[in-house]
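Here is my input, please return the structure:
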Amino acid sequence: MSESPENSESPENGESPEISGVQRSEGAGSPERPVTPRQSVGSSADSGPSGGSGPSGGSGPRKEAVRAAELDAAGPLTTTRDRFVLDEDTVYLDGNSLGALPRSVPGRIADVITREWGELRIRSWTESGWWTAPERIGDRIAPLVGAAPGRMVVGDSTSVNIFKAVVGGIRMAGKGCTEILVDATTFPTDGYIARSAARMAGLAVRPVEPARIADEVTERTALALVNHVDYRTGELNDLPGITAALHSAGALAVWDLCHSAGALPVGLDAHGVDLAVGCTYKYLNGGPGSPAYLYIRESLQERFESPLPGWNSHADPFGMDPGYTPADGIVRGRVGTPDILSMLALEAALEVWDGVSIEEVRAKSLALTDFFLECVNEYAPPGRVRSVTPYEHRRRGSQVSLEAVGAGEVMDELIRRGVVGDFRHPDVLRFGFTPLYTTFADAERAAWVLGEVLREQAEREAAEGPGAAATAAGPPAAEGPAAGGDGG
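Take a look at the predicted model:
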């Protein structure tokens with residue numbers, strides 16, 4: 001979903017210069033310093049992913065590949081990659097769309113199917129803990145987004161939870177509200193649902209750039225639906241500042257965490273967020289279509305009125321009363337019967353977080369994306385790509401997005417050569433960095449192969465003559481599930 005950059009050396013309009021100098025961190029949590037700008041240099045292809053001549057000069061291993069090996073050996077998170085099913089022939093940088101399979105999942109699901117379902121059958125709702133799974137798994141995710149137990153429930157899709165959060169928020173808003181604000185850069189589904197919810201409530205919808213919300217919110221605003229990280233650019237929006245500005249005007253803050261949960265600290269409780277939703281199949285590695293979650297601030301739970309009251313959220317679900325009485329606490333965020341197979345796959349997937357802090361993940365994420373930008377700067381021909389992801393750490397999520405001519409064609413070729421990222425219209429290459437399993441060697445190899453593809457593209461254009469660059473894009477690469485999903 002969405003996120004916005006924060007200011008620093010990038011222009012205030014959020015655009016970033018062509019890659020000719022990047023921000024490098026001296027270490028986790030240390031001040032950023034500019035790297036002396038340097039021009040990218042083209043080179044001939046090498047004989048393999050880590051050797052041969054190239055922009056770094058000389059023959060033998062590339063200097064950045066050597067540096068990557070040193071960084072991987074130094075850590076942090078040097079062993080968590082072993083918790084995933086990965087192949088060494090592929091660089092997987094699409095965890096911002098679908099996380100890799102944790103090794104803990106297949107055995108757990110086999111047991112759920114053969115024993116819990118196959119032998120215990122309906123007894124598993126109580127004996128195997130199926131009935132309490134939505135709250136139990138919510139409590140497992142909660143520390144990763146800065147929430148205390150009892151404030152998150154897992155179930156339904158992201159889209160359904162956005163609908164619950166927006167309509168529930170409108171119903172809690174003060175009288176006299178006439179509008180809701182929607183992140184103008186939002187993932188489209190968020191906007192569709194917000195408009196539908198507002199229409200049902202008789203409110204207007206006003207799209208606003210995240211950086212402008214503090215200036216645009218008024219006493220007539222019921223709430224704002226904002227993406228923590230921009231799905232297209234990787235920009236990180238100012239969750240604490242925007243939430244405080246909304247509260248100062250009497251409005252509620254509803255956050256979409258799809259591209260931040262599991263990638264960086266969120267601090268829902270600490271920053272007083274009212275409602276939040278997110279998916280679990282990206283950085284939380286829950287599997288394709290795994291259930292989403294809903295967060296409701298503790299002080300709002302008794303006021304939360306779901307637009308989708310179901311028997312699972314009833315105070316007496318087995319009483320079968322024709323009248324609806326909501327359950328106490330976060331349970332009122334439930335609707336119908338949970339999807340047990342995918343929910344328990346998610347629970348098993350979350351075991352990869354044992355012994356891992358989200359602060360460690362953030363430190364490595366920034367180090368990986370810094371290093372990748374430096375390698376692209378080293379390997380890409382001048383002027384072929386431009387980062388739309390901010391260099392400043394406070395404005396960056398856990399992905400790098402690069403504008404490139406013929407981006408769809410470039411990504412198709414990268415995937416063919418074993419580097420899996422994805423593409424967004426019209427010209428954006430996206431590379432997601434999941435610190436639990438992405439290595440510095442992955443980042444270096446991806447940048448090198450990208451440089452190869454871009455050099456070959458430039459050579460073809462030069463051979464074809466004037467006008468070739470304008471048509472280099474060709475037909476756009478297919479989007480949709482095969483290219484990686486962002487919401488749902």
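
Check for me that residue 180 belongs to a strand.
Yes. Counting by DSSP: H, G, I helix; E, B strand; the rest coil, residue 180 is part of a strand.

Correct me if wrong: it contacts residue 167.
No. Look at residue 180 against residue 167 with Cβ atoms under 8 Å: they stay out of range, at 10.3 Å. Just so you know, the C-beta spots here come from the backbone N, C-alpha and C atoms, and that holds for glycine as well.

Neighbour count for those two, which is higher?
Shown here are residue 180 and residue 167; by other Cβ atoms under 10 Å, residue 180 has more neighbours (26 against 21).

Just the pLDDT at the more buried one, thanks.
Looking at residue 180, its pLDDT stands at 98.

now residue 175
pLDDT for residue 175: 87.

What is the neighbour count of it?
Quick note: residue 175 (other Cβ under 10 Å) scores 4 neighbours.

Check the gap between the closest residue to residue 418 other than its chain neighbours and residue 269 for me.
Distances taken as Cβ to Cβ, 6 or more residues apart in numbering place residue 90 nearest to residue 418, at 5.0 Å, with adjacent residues excluded. From residue 90 over to residue 269 the distance is 38 Å, taken as Cβ to Cβ, to the nearest Å.

Who has more neighbours out of these two?
residue 269 (16 against 13).

what's the weakest-modelled helix or strand in this structure?
Least confident helix or strand of the chain, by mean pLDDT, DSSP states H and E, is strand 32-34 with a mean of 30.

And whichever helix or strand comes after it, what's buried?
Remark: after strand 32-34, the chain's next helix or strand is helix 63-74, criterion DSSP states H and E. Buried residues in helix 63-74, counting neighbours by 16 or more other Cβ atoms under 10 Å, are found at 64, 65, 67, 68, 69, 71, 72.

Check stretch 409-418 too.
409, 410, 411, 412, 413, 414, 415, 417, 418.

out of everything not next to it in sequence, what's closest to the most centrally placed residue in the chain?
The residue lying closest to the centre of the chain (Cα atoms, centre = their mean) is residue 259, at 1.8 Å. Closest residue in space to residue 259, ignoring its immediate chain neighbours: residue 229 at 3.7 Å, by Cβ to Cβ, 6+ apart.

Distance of the one you found relative to residue 142?
Taking Cβ to Cβ, one finds residue 229 at 19 Å from residue 142.

Compare those two and say which is more crowded by neighbours.
Taking neighbours as other Cβ under 10 Å, residue 229 and residue 142 compare with residue 229 leading, 28 against 19.

Unless I'm misreading it, that one sits right up against residue 239, doesn't it?
No. Taking Cβ under 8 Å as the definition, residue 229 is not a contact partner of residue 239, at 9.8 Å.

show me the contacts for the residue nearest to residue 418.
Residues in contact with residue 90 (Cβ atoms under 8 Å, 6 or more residues apart in numbering) are 418, 419, 420.

ok, now which ones touch the nearest residue to residue 316 once chain neighbours are set aside?
Spatially, and ignoring its direct neighbours in sequence, residue 316 is nearest to residue 325 (7.1 Å; Cβ to Cβ, 6+ apart). Neighbouring residues of residue 325 by Cβ under 8 Å, 6+ apart: 314, 315, 316.

Is it possible to mark the buried ones in those residues?
residue 314.

wait, which of the contacts of residue 325 is closest to residue 424?
Residue 424 has its nearest neighbour among the contacts of residue 325 in residue 314, at 41.4 Å by Cβ to Cβ.

For beta bridges, what are the partners of that closest one?
Note on residue 314: beta-bridge partners residue 326, judged by DSSP bridges.

is it true that it touches residue 324?
Yes. Look at residue 314 against residue 324 with Cβ under 8 Å: they come within range, at 6.3 Å.

which residues in the stretch 351-488 of the chain form strands?
Applying DSSP state E, counting those that start in this stretch to the stretch 351-488 of the chain gives strands spanning 385-387, 399-404, 419-420, 422-424, 428-432.

With the stretch 1-150 of the chain instead?
Assigned by DSSP E, counting those that start in this stretch, the stretch 1-150 of the chain shows strands spanning 23-25, 32-34, 84-85, 91-92, 101-102.

Skipping its backbone neighbours, what lies nearest residue 312 in space?
For residue 312, the spatially nearest residue (Cβ to Cβ, 6+ apart) is residue 334, at 4.1 Å.

Quick check: the gap between residue 78 and residue 440.
Residue 78 is 11 Å from residue 440, by Cβ to Cβ.

neighbour-wise, which of those two wins?
Between residue 78 and residue 440, residue 440 has the larger neighbour count (other Cβ under 10 Å), namely 23 against 12.

which residues touch that one?
Contacts of residue 440 (Cβ under 8 Å, 6+ apart): 67, 68, 69, 71, 72, 367, 368, 371.

unless I'm mixing things up, residue 99 is touching residue 279, no?
No. The pair residue 99 / residue 279 is not scored as a contact, 10.1 Å apart, by Cβ under 8 Å.

who touches both of the two?
The contact lists of residue 99 and residue 279 share residue 286, where a contact means Cβ under 8 Å, 6+ apart.

show me where pLDDT drops low in the stretch 1-150 of the chain?
The stretch 1-150 of the chain contains residues with pLDDT under 70 at 1-59.

if you skip the residues just before and after it, what's nearest to residue 347?
residue 137 (5.0 Å).

List the contacts of the one you found.
154, 343, 346, 347, 350.

The second one: neighbouring residues, count only.
Read it as residue 343. Residue 343 - counted by other Cβ under 10 Å - has 21 other residues nearby.

how far away is it from residue 103?
Relative to residue 103, and taking Cβ to Cβ, residue 343 is found at 19 Å.

Quickly list what the residue nearest to residue 259 is bridged to.
Bridge pairing for residue 229 - DSSP bridges - gives residue 3, residue 236.

Overlap in contacts, residue 78 and residue 440.
Here residue 78 and residue 440 have residue 72 as joint contacts, going by Cβ under 8 Å, 6+ apart.

contacting residues around residue 292?
With Cβ under 8 Å, 6+ apart, residue 292 has these contacts: 154, 155, 156, 157, 158, 160, 161, 277, 278, 279, 280.

among these, which two are most distant?
Farthest pair in the contacts of residue 292 (Cβ to Cβ) is 160 and 280. Separation: 13.6 Å.

So for the two, which residue has more residues nearby?
Neighbour totals were compared for residue 160 and residue 280, and residue 280 leads with 28 against 18 (other Cβ under 10 Å).

Distance-wise, check the more buried one relative to residue 342.
Where residue 342 is concerned, residue 280 sits at a distance of 9 Å (Cβ to Cβ).

quick one on the thing from earlier: output the contacts of residue 90 as TSV; include the columns distance to residue 449 and pLDDT.
Converted to TSV, those look like this (distance: Cβ to Cβ, whole Å; pLDDT from 0 to 100):
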residue	distance to residue 449	pLDDT
418	7	98
419	5	98
420	11	98
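
re earlier: strands - which of the contacts of residue 292 land there?
154, 277, 278 (DSSP state E).

Looking at these, which is nearest residue 191?
Closest approach to residue 191 among the ones in strands among the contacts of residue 292 (Cβ to Cβ): residue 277, at 14.2 Å.

between residue 280 and residue 342, what contacts are shared?
In contact with both residue 280 and residue 342: 286, 290, 291, using Cβ under 8 Å, 6+ apart.

check contacts around the first one.
For residue 286, the contact set (Cβ under 8 Å, 6+ apart) comprises 99, 279, 280, 342, 345, 346, 349, 350.

residue boundaries of the helices in this structure?
All helices of the chain, identified by DSSP state H, fall at 63-74, 104-111, 124-127, 133-141, 158-172, 188-201, 213-216, 239-248, 340-349, 358-379, 407-416, 440-464, 468-471.

Okay then, goodbye and thanks.
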